[in-house]
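Novice: pasting the sequence and the predicted model now:
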Amino acid sequence: MPFLRILGLGSNNLVSKFPEFISDSHSLTFLDLSFNKFTGDLVLESIFTDLHNLENLHLAGNSFEGPIPPRVFKLSNLKVLELTGNNFSRSISNDIGLLSELETLYLDFNFFDGPIPPNIFNLSQLKILELTENNFSGPVSNDISLLSELENLNLALNSSDGPFPSKIFNLTKLRHLNLYGNKNLFKGSIPLDIRNLKLLESINLGSNQLVGPLSMLISNLTNLKMVGLSDNRFFGKIPSDFLKNLPSLHVIDLSNNNLSGNIPREYNVHPILEYINLSGNHLTDNGLSGALPHCLGNLADKMHCIDLANNQFRGPIPTTFSESCQLRYLNMYDNQLEGLLPRSLSNCKHLKILDIGNNKMGGTFPSWLFTLRELEVLVLQSNKLYGPLRIPYREAAGDALMAMQNMQKPLSTH
């Protein structure tokens, strides 16, 4: 097919090695074989030799293996290279820097190793760089600042190490930054230059070795919709005005740090915050009582997910859940909560997951929970519930999973 310009075979169940006829399609500008069952080591093939006009190459979601074929680096018109989710491996040749027109590069979810090739930072037109979940190692070069057009940078789940790659913050067009899960790796505090990223919409620095108090610099990035700082070593109180300048924020994850003190009341009045995860810290409502904040019910009117597990909250759960409750997920596992489970939780009609396990909740089993028709997971284990287990609304229980073992007295079903 010498005159074929566009070939789209993506999202089928095609089983083969790389189709041989493609090597004769010299006019191809767009080739999509993604999400099929193609296999083989492409280095052994001569398929890319004469595809000089190719601009878009999509091979994601197959089982190709081996290194990236050297001939790919000679496709001088290539603008999009997508190899996501294959079995490609070994280090990437520095010849990748020859793809001077490249704007989008997806190498995520493969088995590439070694350092990120230095010449990748010569791709001055690059807007998207996705390297998630490979085995890249070593520090991130300061030359990353040369990618001045970059809008999306994802280096998550690799083995990078060394000091925090502060030159990333010279990339003023960045909208999405993900450095999650480089466990050996990024150490120290968040650099001051983060304030340069005025256009940033999402940032995930979770599962690193970052330390220090929460940086108010992040709260000055007014376009942020998602903030992920989980599994680091941040300490101190959550600043009361941390959310003040983040009107577009939907998601915040501060879990598994060393934060202490109270939950700022500003979380209660944020207009569109939907997901908050503060689990695995040392939070109380104040330094004396450690009670859950009474505004919890008001938060539930706006948020879909609240996770306060593994903290030091104690006392009763507030009874302020209203008929406007929007919660889908509520996790207060492993605190020191006591008293009765508030019946006002029955107002949370969309609740799918409720975990109050490993607390000191008492009273008889709250059978009114089975009015929650959308409930899928119910965990009440390791509390002080007692007496018979009565389920008067058996038909409303849906597929709820009840994990209520290790209670003070065994429950019998009537």
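Specialist: That came through, no problem.
Novice: what sits against the closest residue to Thr319 other than its chain neighbours?
Specialist: Counting by CB to CB, 6 or more residues apart in numbering, Pro342 is the residue found nearest to Thr319 once chain neighbours are left out, at 4.2 Å. All C-beta atoms are positioned from the backbone trio N, CA, C, and that covers glycine. Residues in contact with Pro342, defined by CB atoms under 8 Å, 6 or more residues apart in numbering, are Pro316, Ile317, Pro318, Thr319, Phe321.
Novice: of the residues you listed, closest to Pro213?
Specialist: The shortest approach to Pro213 among these belongs to Pro318, at 28.3 Å (CB to CB).
Novice: so that closest one touches Leu299, yeah?
Specialist: No. Pro318 is not in contact with Leu299 according to CB atoms under 8 Å; the separation is 9.9 Å.
Novice: compare the two (neighbour count), which wins?
Specialist: Per other CB atoms under 10 Å, whichever of Pro318 and Leu299 has more neighbours is Leu299, with 23 against 18.
Novice: tell me the SS of the more buried one?
Specialist: Leu299 falls in the helix class when you classify it by DSSP: H, G, I helix; E, B strand; the rest coil.
Novice: that one reaches His270, doesn't it?
Specialist: No. Between Leu299 and His270 there is no contact under CB under 8 Å: 9.0 Å.
Novice: for the closest residue to Leu283 other than its chain neighbours, give me its contacts.
Specialist: The shortest distance from Leu283 to any non-neighbouring residue, by CB to CB, 6+ apart, is to Asn311 (4.5 Å). For Asn311, the contacting residues are Leu278, Ser279, Gly280, Asn281, His282, Leu283, Thr284, Asp334, Asn335, by CB under 8 Å, 6+ apart.
Novice: who wins for neighbours among these?
Specialist: Ranked by neighbour count (other CB under 10 Å), those have Asn335 at the top, with 25 neighbours.
Novice: you'd agree that one is up against Gln312?
Specialist: Yes. In terms of CB under 8 Å, Asn335 counts as a neighbour of Gln312; the distance is 6.7 Å.
Novice: for Glu149, grab the count of nearby residues.
Specialist: Residues near Glu149, counting by other CB under 10 Å: 13.
Novice: for it, which three-state class applies?
Specialist: Recorded secondary structure, Glu149: coil (three-state DSSP).
Novice: need the pLDDT of it.
Specialist: Listed pLDDT for Glu149 reads 98.
Novice: ramachandran coordinates for the nearest residue to it once chain neighbours are set aside?
Specialist: Using CB to CB, 6+ apart and skipping residues adjacent in sequence, the residue nearest Glu149 is Lys127, 5.4 Å away. In terms of degrees, to the nearest 10, the main-chain angles of Lys127 are phi -110, psi -30.
Novice: Lys127: how many residues sit nearby?
Specialist: Lys127 has 18 neighbours, counted by other CB under 10 Å.
Novice: surely it touches Leu153?
Specialist: No. Under the criterion of CB under 8 Å, Lys127 makes no contact with Leu153, lying 10.0 Å away.
Novice: just the strands in the stretch 151-300 of the chain please.
Specialist: Counting by DSSP state E, counting those that start in this stretch, the stretch 151-300 of the chain has strands at residues 152-154, 159-160, 176-178, 187-188, 202-204, 209-213, 226-228, 233-237, 251-253, 258-261, 275-277, 282-283.
Novice: any weak-confidence spans in the stretch 201-350 of the chain?
Specialist: Where the stretch 201-350 of the chain drops to pLDDT under 70, the residues are 285-290.
Novice: let me know the secondary structure of Phe21.
Specialist: Of the three states, Phe21 takes helix under three-state DSSP.
Novice: for Leu81, same thing?
Specialist: strand.
Novice: right, and it touches Glu101 too?
Specialist: No. If you go by CB under 8 Å, Leu81 and Glu101 don't touch, sitting 10.6 Å apart.
Novice: looking at the two, which is more packed in?
Specialist: More neighbours surround Leu81 than the other of Leu81 and Glu101, with 22 against 15 (other CB under 10 Å).
Novice: gap between the more buried one and Leu296?
Specialist: 48 Å (CB to CB, to the nearest Å).
Novice: and the residue nearest to Glu149, what is it in contact with?
Specialist: Glu103, Thr104, Glu149, Leu150, Glu151, Asn152.
Novice: and the gap between the first one and Leu254?
Specialist: Glu103 sits 34 Å away from Leu254 when distances are taken as CB to CB.
Novice: looking at these two now, which is surrounded by more residues?
Specialist: Shown here are Glu103 and Leu254; by other CB under 10 Å, Leu254 has more neighbours (23 against 17).
Novice: the more buried one contacts Leu278, doesn't it?
Specialist: Yes. Between Leu254 and Leu278 there is a contact under CB under 8 Å: 5.6 Å.
Novice: overlap of the contact sets of these two?
Specialist: Common contact partners of Leu254 and Leu278 (CB under 8 Å, 6+ apart): Ile238.
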